[in-house]
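[1] quick one, structure for this:
(one chain, ligands or ions: 1)
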Amino acid sequence: MIKTKKQGNLIIISGTTCAGKGTVIKKILENHNDIVLSISYTSRPKRENEIDGVDYYFVNSEEFEAKIANGDFLEYAKVQYGSYYGTPKAEIIEQLNTGKDVILEIDVQGAKQIKELFPETVLIFIMAPSMEEVKRRIKMRGDENNEQIISRFKTAYNEINQINNYNYVVVNDDLQEAVKKVEAILISEKLRVDRIEEMFVENQEEIIHEFLIDKELTNSEITVE
Ligand code: 5GP
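    Below you'll find the predicted structure:
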C-alpha cells in the first residue's frame with residue numbers, strides 16, 4: 001500500500017573527541033548491511049594503524065586543493081592542526097541513489113555545509129559522558145603532545161556549543177546503549193511520513209462489497225446449521 005522513497009538517508013555523525021563515535025559507527029555497520037560509511041579525503045599524515053582507502057584516502061595538500069578546484073567535494077574543512085578533510089561527492093550520490101543510507105563521520109563545520117546543501121540530512125551528535133571522562137580517555141591514549149591535547153579540548157568545547165545544528169544527541173556512557181539509541185534514530189528516520197513516495201489506496205467500494213459478500217456467506221452457513 002505504501003511505496004517509500006528509494007533514495008537512502010544521508011546521516012551525519014559528529015562528536016566530541018574521545019566520545020567513541022568511531023566505535024559506535026563500527027557496530028552499526030556490522031549490524032546493518034544497508035548502511036555504508038563514506039571514506040573522506042584528508043591531507044593529515046596517516047597514523048601507524050591506519051590503512052589508505054579504508055580509514056581515509058590520504059593525499060597531500062596540493063592534491064587536496066586540486067580536488068577542491070575540480071569540485072570533487074560535497075564539503076571540506078580544515079579540522080585538526082590545519083589539515084584538510086573532505087567528503088567526496090560522486091560516491092555518496094551513487095550510494096544514496098542505490099537506496100543505501102550513508103553515514104558521514106565529519107566535524108561541525110562540515111555538518112553545517114552539508115545541512116545547507118541537503119536540509120533533510122539527519123544530524124546526530126555523540127558526546128562523552130563528561131569532560132573529565134574525555135581527559136581520562138585522552139591520557140589513556142597517550143599519543144599526543146600537550147599542545148595537541150589543548151587544541152583537542154578547545155575544539156571539543158567549540159563543537160558542543162554548536163549542538164543546536166543537530167537533530168539528536170546521544171551520550172556514550174555505555175557503548176551498547178549508545179549503539180541502540182543510534183539504531184533507533186536510523187530506524188525511525190526510515191519510517192517518516194515524508195519518505196512516502198506513493199500511496200496505493202485500494203478501491204473502497206470493492207473492498208466493502210467483498211466484505212459484505214463474505215459476511216452473507218457466513219450468515220447463510222449459520223442459517224443452514
Ligand atoms: P581524525 O584526524 O582524528 O581522524 O579526525 C579529526 C576530525 O575530522 C574528526 O572530528 C572527524 O569527524 C573530522 N572529519 C573526518 N573526515 C571529515 C570530512 O570529510 N570533513 C569534515 N569536515 N570533517 C571530517
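[2] please count neighbours and contacts with C-alpha atoms only from this point.
    OK.
[3] get me the contact residues on the protein for the ligand.
    Residues of the chain found near the ligand (Cα under 6 Å from any ligand atom) are 14, 40, 76-77, 79-80, 85-87, 105-107, 109-110.
[4] so where do the helices sit in the chain?
    Applying DSSP state H to the chain gives helices spanning 21-31, 61-69, 89-97, 108-117, 131-141, 146-160, 175-190, 204-224.
[5] returning to what we had before: report the two of the residues of the chain next to the ligand separated the most.
    Gln80 and Thr87 (15.3 Å; Cα to Cα).
[6] the more surrounded of the two?
    Thr87 (23 against 14; other Cα atoms under 10 Å).
[7] how about that one, nearest residue that isn't a chain neighbour?
    Nearest residue to Thr87, sequence neighbours excluded (Cα to Cα, 6 or more residues apart in numbering): Ser40, at 4.9 Å.
[8] any idea how far the one you found is from Gly110?
    Ser40 sits 11 Å away from Gly110, going by Cα to Cα, to the nearest Å.
[9] okay, now Ser14: neighbour count?
    Ser14, neighbours per other Cα under 10 Å, totals 25.
[10] doesn't Gly110 make contact with it?
    No - the pair Ser14 / Gly110 is not scored as a contact, 9.5 Å apart, by Cα atoms under 8 Å.
[11] what's the pLDDT at Arg44?
    For Arg44, the pLDDT comes out at 94.
[12] right, and it touches Ser83 too?
    Yes - taking Cα under 8 Å as the definition, Arg44 is a contact partner of Ser83 at 5.2 Å.
[13] looking at those two, which is more packed in?
    Neighbour totals were compared for Arg44 and Ser83, and Arg44 leads with 19 against 15 (other Cα under 10 Å).
[14] count of residues packed around Lys78?
    Counted with other Cα under 10 Å, Lys78 comes out at 16.
[15] can you give me the pLDDT of it?
    92.
[16] kindly report the same for Met127.
    Note for Met127: predicted pLDDT of 94.
[17] not counting its neighbours along the chain, what's nearest it?
    That would be Val171: by Cα to Cα, 6+ apart, it lies 4.7 Å from Met127.
[18] low-confidence ranges in the protein?
    In the predicted model, the chain carries pLDDT under 70 at residues 217-225.
[19] about what we covered before: quick check on the residue nearest to Thr87: phi, psi?
    phi -80, psi 160 (degrees, to the nearest 10).
[20] what about Tyr76, how many residues nearby?
    24.
[21] pretty sure it contacts Tyr85?
    Yes - at 5.6 Å, Tyr76 and Tyr85 qualify as touching, with contact defined as Cα under 8 Å.
[22] returning to what we had before: contact partners for the residue nearest to Met127?
    Val171 makes contact with 126-129, 178, according to Cα atoms under 8 Å, 6 or more residues apart in numbering.
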